[in-house]
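1. model this:
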Amino acid sequence: MNNLASKKKSLLKYYQENEINPVVIRVENKDVWKDHEKKRQNLYTNHLKIPLTFFQHRSILEFGCNSGENALYLASLGASLTLIEPNSQVLPRLKDLFRKFGLEKSIENLENKEIEKFVSKKSYDMVVAEGFLHTLQNRDEMLIKICSLLSPGGIGVVSFDDRYGSLSEMLRALLLQRVCQLRKIENLNSESCIETAQELFLEDFKRLNASRDFVSWCLDNLVNLHTSWESFWTYQQIIPLIEKAGCQFYSSSPGWSDIDNYLWYKNVFSIKDRHLCIIEDWKKNFVFFLTGFPLTDRHVPPATQSIVNSVSGLIGSMSEFCASSNYDINSLQYPKELEEYLSDIEYPDIRDFNKCLKSLFAIIKSNDERYIIDNYHSLEGIRNVWGSALHYICFARGI
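-> Numbers count the residues shown, from 1 in each chain. Take a look at the predicted model:
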């Protein structure tokens, strides 16, 4: 059902063959640019805790800069940029944007190549890789490469799709593909598939503060085979890698860890112990990852490893259904461990989410597409939940 021949293709080839620019931001419009500035400033200063003065006269290397809208913001702060982008289709727009903003001289080097092929004897004050690193088969090696390119005290910023935060997005992909299966829509990049997605999700999508249009979101997140269990990453996987490469966790967006709150600054952890505490802290925030709800005013028990494993297995099963026309929808089951865990949490929204999840896994087994769509639209406890899929991790190289 899902263009299985394309499964082994890279995310780059998927974008090129479908002529997708995953995040086009029309910064030529002054109002759009001002909004983009505010969002990037909020990311760097309030979430990642990097003061704007850091960027002045700094050497910044960005992998996968796409058409350059984010790099343009760094250039406006006075950074000197080395930009590495493998998709030649987006480079004309990148060059045109920098020319229109009068920031061409901010680009020290622009290379049309993949991260694996980039070689430099130079080190950088900051290395950025947004939106793609987690999809690479050699992502661990490339993350360590990013760490090695940092100057002492330099900062790395990587974004990734979190495995557990992507639960809600996988539910939407599952729903779309189930309805397309019943409607015998085999080409998931077709107009018929997009129309089905709009029927299911457009009303919900309009409630989001999204930077891209619905079609781009659908192609990049719901029918893209790289939105899968194999491509999702976790803090438990990433943090040991950066530690091995001589770096340490600095901050994240969303900022979920509070291990430094209320501590006296003279209480200093080793990097290893600090990282272990952060990973333990993650279990206390498990429900936030699943739902995106900030659970700050009531006690929520940390998730056990059994609960975490059950969610990982569920996402794996949904991913397998989305990738294979032979997967039996009736084999999908809502994990008992997760149901019991969420039912004990005091938040009414969490309990409603739990009930709706259980209902959804019964609904999708119907062979009546209209029944599935209408009943999904009645599940407000899921429709209002988007999880916490996209994460940024910021790390610093030791001095």
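
2. tell me where the stretch 101-250 of the chain has strands.
-> According to DSSP state E, counting those that start in this stretch, the stretch 101-250 of the chain carries its strands in the segments 107-111, 124-129, 150-161, 247-253.

3. need the winner for burial among those.
-> Greatest average neighbour count among the strands of the stretch 101-250 of the chain goes to strand 124-129 (a mean of 23), per mean count of other Cβ atoms under 10 Å. C-beta: built from backbone N, CA, C; applies to glycine.

4. what sits up against that one?
-> With Cβ atoms under 8 Å, 6 or more residues apart in numbering as the test, strand 124-129 has contacts from 54-55, 58-64, 70, 79, 82, 115, 142, 146, 149-151, 154-159.

5. that strand versus strand 150-161: what angle between them?
-> Interaxial angle, strand 124-129 versus strand 150-161 (axes from the mean of the first three to the mean of the last three Cα atoms, to 10 degrees): 20 degrees.

6. averaged pLDDT, strand 124-129. What do you get?
-> Across strand 124-129, pLDDT averages out at 98.

7. now stretch 329-344
-> The average of the pLDDT scores along stretch 329-344 is 94.

8. in it, which residues are buried?
-> Buried residues in stretch 329-344, counted by 16 or more other Cβ atoms under 10 Å: 329, 332, 335, 337-338, 341-342.

9. go through those residues and say which is closest to Asn209.
-> Asn209 lies nearest to Leu342 out of the buried residues of stretch 329-344, by Cβ to Cβ, at 26.1 Å.

10. so where's the stretch 101-250 of the chain uncertain?
-> Low-confidence segments of the stretch 101-250 of the chain (pLDDT under 70): 226.

11. repeat that for 90
-> 186-189, 207-213, 216-230 (pLDDT under 90).

12. helix, strand or coil for the residue in the chain sticking out farthest from the centre?
-> Using Cα atoms, centre = their mean, the residue of the chain lying farthest from its centre is Lys266. It sits 34.8 Å away. What DSSP: H, G, I helix; E, B strand; the rest coil gives for Lys266 is coil.

13. ok so, going back, most widely separated two among the buried residues of stretch 329-344?
-> Top of the distance list for those (Cβ to Cβ): Ile329 and Tyr341, 24.5 Å.

14. which residues of the stretch 251-399 of the chain fall in helices?
-> According to DSSP state H, counting those that start in this stretch, the stretch 251-399 of the chain carries its helices in the segments 271-284, 286-291, 305-323, 336-343, 348-363, 369-377, 380-383.

15. also the stretch 51-200 of the chain?
-> Assigned by DSSP H, counting those that start in this stretch, the helices in the stretch 51-200 of the chain fall at 69-76, 91-100, 139-148, 167-182, 191-205.

16. which neighbouring elements make contact with the third one?
-> In this structure, helix 139-148 makes packing contacts with strand 124-129, strand 150-161, helix 235-244, judged by 3 or more Cβ pairs under 8 Å, 6 or more residues apart in numbering; DSSP states H and E.
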